[in-house]
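Trainee: okay, sequence plus prediction incoming.
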Amino acid sequence: MAYTWIDIANEEIASSVRNKLNGAGAQIPQLQSQITQNKAMVDILYNTSIDTATGVADTNFVGYPYMVKIPVAGVETNVIPIVIPRRDQCQYFYHAAHSNHGYIQVWLSSNALGTLVISTILLIKEA
């Protein structure tokens, strides 16, 4: 992508601007490649329902004595899960989640809440 400038009074300024624009254009393929790589490192799940009755007793986090495993194909221990519950259900979830082979773990304040919905789960692969 080359730019040509004409009718600019100061040729030195025009040349400087042209060189910077051409340099920026040369970086586009590299930036596109980086975007593709970054997309491969993130997966997003929407509206994941969990049955709190499947929660098992767990003593890892005070105030959140039940752990639920959410099956997620392809998840390994190198994935950082970020769980974003529905706004009206946030208080039931511990603020951290963990990944394991084929599932993520979340901790709940009760296992008698029925079905809860996690609005968004971001799965970020460690580099």
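Mentor: Received the coordinates, thanks. None of these values were measured; they are calculated from a predicted model.
Trainee: could you measure from A24 over to V17?
Mentor: In this view, A24 and V17 are 11 Å apart by CB to CB, to the nearest Å. (Each C-beta comes from the backbone N, C-alpha and C, glycine too.)
Trainee: nope, K69 is what I was after
Mentor: Relative to V17, and taking CB to CB, K69 is found at 57 Å.
Trainee: cool, and Q89?
Mentor: Distance, Q89 to V17, by CB to CB: 53 Å.
Trainee: would you list the phi and psi of E76?
Mentor: When quoted as degrees, to the nearest 10, the phi and psi of E76 stand at phi -130, psi -180.
Trainee: skipping adjacent residues, who's closest to it in space?
Mentor: The shortest distance from E76 to any non-neighbouring residue, by CB to CB, 6 or more residues apart in numbering, is to H101 (6.0 Å).
Trainee: and what of I82?
Mentor: That would be L122: by CB to CB, 6+ apart, it lies 4.1 Å from I82.
Trainee: so the one you found sits against V42, correct?
Mentor: Yes. L122 lies in contact with V42 (CB atoms under 8 Å); the separation is 6.6 Å.
Trainee: okay, now the domains of the protein?
Mentor: Domain assignment for the chain by automatic domain parsing gives 1-40, 43-125.
Trainee: and these, which is most packed in?
Mentor: domain 43-125 (a mean of 15; mean count of other CB atoms under 10 Å).
Trainee: tell me how far the residue nearest to E76 lies from I124.
Mentor: Taking CB to CB, one finds H101 at 17 Å from I124.
Trainee: pLDDT weak spots in the protein?
Mentor: Applying pLDDT under 70 to the chain picks out residues 1-14, 25.
Trainee: do a quick rundown of the helices in it.
Mentor: Assigned by DSSP state H, the helices in the chain fall at 11-40.
Trainee: nearest residue to the middle of this protein?
Mentor: In the chain, the residue lying closest to the centroid (CA atoms, centre = their mean) is L122, at 3.6 Å.
Trainee: good, we can wrap up now.
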